[in-house]
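> sequence unknown, structure follows:
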């Protein structure tokens, strides 16, 4: 038997769907009216303890059923497929959290190793202290399977906190397996 309890201190509405045996928790959000309504859906992968936010969809909940991606809203249930969104290229961004790596000293990143496959160019963005951004181009990798690539980073970049992001260009399909940041720890704690 599975029991799910939650306690909140603010007014909240939403829903949760649990699919067994893989135990995937799909949670939906409530739309907040804005000039251009943007909805977000949250997906918690309980096995890997990862939370993913899907935004800029006209859906209030997402699910995968028998290998088919689905989106739902007040107008019904929709299959999410295809290579474009109403004739426009689909921009996808994978953004990891801001991370200090449990170390107060400044860091100078050297390389990022990316395990990926892509049909077009990708942009790797490395941000420091939520301010300075550096962008690097990753070339298409159509080879069978996912393969690693090393991105050498500029020597002048440094900061206490680092954030990585990967974005496709022109709607190119891609698969991302892993990203690893290799860095030097500097002796200084302040920039």
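Everything's here; your move. In this text, all values refer to a predicted model and were calculated from it rather than measured experimentally.
> where does the chain dip in pLDDT?
In the predicted model of the chain, residues 1-39, 142-143, 190-191 satisfy pLDDT under 70.
> break it into its domains for me.
For the chain, the structural domains run 16-81, 93-185, going by automatic domain parsing.
> so which of these gets nearest residue 87?
With C-beta to C-beta as the measure, domain 93-185 is the member of the domains of the chain nearest residue 87 (10.7 Å). Glycine gets a C-beta too; all of them are placed from N, C-alpha and C.
> ok, residue 133 - how many residues close by?
When neighbours are counted by other C-beta atoms under 10 Å, residue 133 registers 12.
> isn't it right up against residue 126?
Yes: if you go by C-beta atoms under 8 Å, residue 133 and residue 126 touch, sitting 7.3 Å apart.
> how about the most centrally placed residue in the chain: which residues does it bridge to?
What sits nearest the mean C-alpha location of the chain, by C-alpha atoms, centre = their mean, is residue 94, with 3.1 Å. In this entry, residue 94 is beta-bridged to residue 166, by DSSP bridges.
> pretty sure it contacts residue 178?
No: counting by C-beta under 8 Å, residue 94 sits too far from residue 178 to count as a contact (11.1 Å).
> identify the contacts common to those two.
Common contact partners of residue 94 and residue 178 (C-beta atoms under 8 Å, 6 or more residues apart in numbering): none.
> quick check: residue 89 vs residue 144, distance?
Distance, residue 89 to residue 144, using C-beta to C-beta, to the nearest Å: 25 Å.
> what's the answer for residue 188, then?
45 Å.
> now swap in residue 177 and tell me
To residue 144, residue 177 is 14 Å away according to C-beta to C-beta.
> skipping adjacent residues, who's closest to residue 116 in space?
residue 176 (5.0 Å; C-beta to C-beta, 6 or more residues apart in numbering).
> list the contacts for that neighbour?
Residue 176 makes contact with 94, 114, 115, 116, 166, according to C-beta under 8 Å, 6+ apart.
> helix/strand/coil for the third one?
Secondary structure, DSSP: H, G, I helix; E, B strand; the rest coil: residue 115 is strand.
> number of residues surrounding it?
Per other C-beta under 10 Å, the neighbour tally for residue 115 reads 16.
> quick one, what contacts it?
Contacts for residue 115 (C-beta under 8 Å, 6+ apart) come out as 146, 147, 148, 149, 176, 177, 178, 179.
> tell me the SS of the fourth one?
At residue 149 the chain is in strand, as set by three-state DSSP.
> give me the neighbour count for the residue lying closest to it once chain neighbours are set aside.
Spatial nearest neighbour of residue 149, chain neighbours left out: residue 114 (5.2 Å); criterion: C-beta to C-beta, 6+ apart. Neighbours of residue 114 under the rule other C-beta under 10 Å: 24.
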